[in-house]
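Enquirer: Predicted model, plus sequence, below.
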Amino acid sequence: MKPASFDYIVAESIDMAVASLKEAGADAKIIAGGQSLVPMLNFRLLRPSVLVDINGIAGLAFIEETDKDLRVGALTRHHQLETSPVIARHLPILSCAMTHVAHLAIRNRGTIGGSLSHADPAAELPMMALLLNAALHVASASGKRTVAARDFFLDALTVDLEGDDMVTEIALPKLPPRTGWGFEEVARRHGDFALAAVAVTLTVAGGAIAQARIALTGVGPTALRTTAAETLLIGHALEPNLIGRAIEAVRAVIMPETDLHASADYRRHLAGVLTGRALDAAWRRATASAA
Amino acid sequence: MSKARDITVTVNGDACQASVEPRLLLSDFLRQTLGLTGTHVGCEHGVCGACTVLLDGDSVRSCLMFAVQADGRRVETVESLGCIGQMNALQQSFHEHHALQCGFCTPGMLITATDLIKKYPLATDDDIREGLSGNLCRCTGYEHIVKAIRAVVDGKAGDAR
């Protein structure tokens, strides 16, 4: 359980990091928190010839508020997100989600940029990026680009990043007024990867749902939004029959797998139950804040 | 084999210099290079928590970091907490509550609890259990570990008054 040899480069800037990646070719990896990468190195599932360490890049760990969004630096640790007063004020659902991310020792080290780039099918942050319509800022040796979260997650552990690409910042738009949220997760043990998790926001206007977002993780190769379920909620007040229809729409689009921890049928059932609970919580919060 | 690098890590207050291969895990650096075998190595992929140490005061898995990444940083291992005859309050509480049997998980439990007590109010025993969920113990059933930490949290609250 020891990693194979690699050359180790300490990047002092984003420019230096992406230049090092480009020079090293396809066989280089960025190491940020390393909480997913190092296990893969220890198991020798990965044997990169070069590791580019970005932990020393100044100014890459931050949470800043603008008029319309929150800007999070890629090197921001999970525990910083979990405890940030700015996140708690504007995106309380993200504060809640972060308490479900692994354990304190992992949250002290793991980063948002790393988690999104790794894209574990049962991780919380890809789901939250999709839910919150995040925009990912990506730097490479040839320039910068911005990718919407909905275009970023391609398959299990596969994202829209090329060899010398590096996520540098994540923009999370603020939620509209009168938006309530619900977050539900079931894992075998607190902090384990989700058997299924659901994150919901409902924006309420005039007693009816004006905007709905439902995102899930642990129930397919990538986290996903369930557009059909979201659409059928629009224009209605939340009531049991509507929740039932939304649950059916969610169960229809997810593609859970059977593994050691749970069967596909169980995950499908669970995802529906959790969707119902999250919708209920979101509706209660949205209507309470409107009162 | 890739080129060795010179590093200086402050471990338990002492500046330790060494020349290490980049792939050397921090856990192996502590145990094999420095002989600090208090840090235990269980799973080597971040699951069991036995190798947890403090990096600049924050708990981290030493099997999920390379020694080169600790260059210029401060590391505290279980050896920093106290020793026989001079145990700190947490160690003393583990002793009094029989919070260990074989002792393999204990260094990780102590370091994790140190960070938990610093960062969270741990108002309920469920909070303690949640905080310990990343540290595996195969002997105790956790009950006495929770009690030992509870006693320290309550004692600390008493001191604050």
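Expert: Happy to help now that I have it.
Enquirer: SS state for residue A:202?
Expert: Using DSSP: H, G, I helix; E, B strand; the rest coil, the structure places residue A:202 in strand.
Enquirer: Just list the residues touching the residue in chain B that chain A sits nearest to, thanks.
Expert: The minimum distance from chain B to chain A, using CB to the nearest CB, falls at residue B:134 (2.7 Å). (Glycine included, C-beta is placed from N, CA and C.) Shown in contact with residue B:134 (CB atoms under 8 Å, 6 or more residues apart in numbering or on different chains): A:102, A:103, A:104, A:105, A:106, A:191, B:47, B:49, B:112.
Enquirer: Now it: closest residue in space, sequence neighbours ignored.
Expert: residue A:103 (2.7 Å; CB to CB, 6 or more residues apart in numbering or on different chains).
Enquirer: Neighbours of that neighbour, how many?
Expert: The number of residues packed near residue A:103 is 25, by other CB atoms under 10 Å in any protein chain shown.
Enquirer: I figured it hits residue B:47, correct?
Expert: No: if you go by CB atoms under 8 Å, residue A:103 and residue B:47 don't touch, sitting 9.7 Å apart.
Enquirer: returning to that earlier point: ok, the residue nearest to residue B:134 to residue B:17 distance?
Expert: 32 Å (CB to CB, to the nearest Å).
Enquirer: Go ahead and list the helix or strand containing the residue nearest in space to the middle of chain B.
Expert: Nearest to the mean C-alpha position of chain B, counting by CA atoms, centre = their mean, stands residue B:111 at 3.0 Å. If you go by DSSP states H and E, residue B:111 is part of helix B:106-119.
Enquirer: just residue A:87 next, same as before
Expert: Going by DSSP H and E, residue A:87 is in helix A:85-90.
Enquirer: Which other helices and strands does that helix contact?
Expert: Helix A:85-90 sits against strand A:63-65, strand A:69-73, helix A:92-98, with contacts defined as 3 or more CB pairs under 8 Å, 6 or more residues apart in numbering or on different chains; DSSP states H and E.
Enquirer: again, only this time at 10 Å
Expert: strand A:63-65, strand A:69-73, helix A:78-83, helix A:92-98, strand A:166-173 (3 or more CB pairs under 10 Å, 6 or more residues apart in numbering or on different chains; DSSP states H and E).
Enquirer: Which among these is found nearest to chain B?
Expert: Across the helices and strands packed on helix A:85-90, chain B has its closest neighbour in helix A:78-83 (7.6 Å, CB to the nearest CB).
Enquirer: Quick check: mean pLDDT of the closest one?
Expert: For helix A:78-83, the mean per-residue pLDDT is 98.
Enquirer: Which parts of chain B belong to which domain?
Expert: B:5-80, B:89-160 (automatic domain parsing).
Enquirer: Can you flag the weakest of these by average pLDDT?
Expert: For the domains of chain B, mean pLDDT drops lowest on domain B:89-160, to a mean of 94.
Enquirer: Contact residues of the stretch 151-291 of chain A facing chain B?
Expert: Residues of the stretch 151-291 of chain A lying close to chain B (CB under 10 Å from any CB of the partner chain) are A:187, A:189, A:190, A:191, A:192.
Enquirer: and the residue of chain B closest to chain A, which of the three is it?
Expert: Counting by three-state DSSP, the backbone at residue B:134 sits in coil.
Enquirer: Just the angle for the longest helix anywhere in chain B relative to helix B:106-119, thanks.
Expert: Ranked by residue count and defined by DSSP state H, the top helix of chain B is helix B:143-160. Computed by axes from the mean of the first three to the mean of the last three CA atoms, to 10 degrees, the angle separating helix B:143-160 from helix B:106-119 equals 40 degrees.
Enquirer: CA atoms only for helix B:143-160 - export them in CSV, please.
Expert: Only the C-alpha atoms of helix B:143-160 are listed here, as CSV (Å, rounded to 0.1, in the frame of the first residue of the first chain):
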residue,chain,number,x,y,z
GLU,B,143,-19.3,3.4,24.5
HIS,B,144,-16.4,4.1,26.8
ILE,B,145,-14.6,6.3,24.3
VAL,B,146,-17.8,8.4,24.1
LYS,B,147,-17.9,8.5,27.9
ALA,B,148,-14.3,9.5,28.2
ILE,B,149,-14.7,12.4,25.7
ARG,B,150,-18.0,13.4,27.4
ALA,B,151,-16.2,13.7,30.7
VAL,B,152,-13.6,16.0,29.2
VAL,B,153,-16.2,18.2,27.4
ASP,B,154,-18.2,18.6,30.6
GLY,B,155,-15.1,19.2,32.7
LYS,B,156,-14.0,21.9,30.2
ALA,B,157,-17.5,23.5,30.4
GLY,B,158,-17.0,23.5,34.2
ASP,B,159,-13.7,25.3,34.0
ALA,B,160,-15.2,27.9,31.7
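Enquirer: Cheers, nothing more for now.
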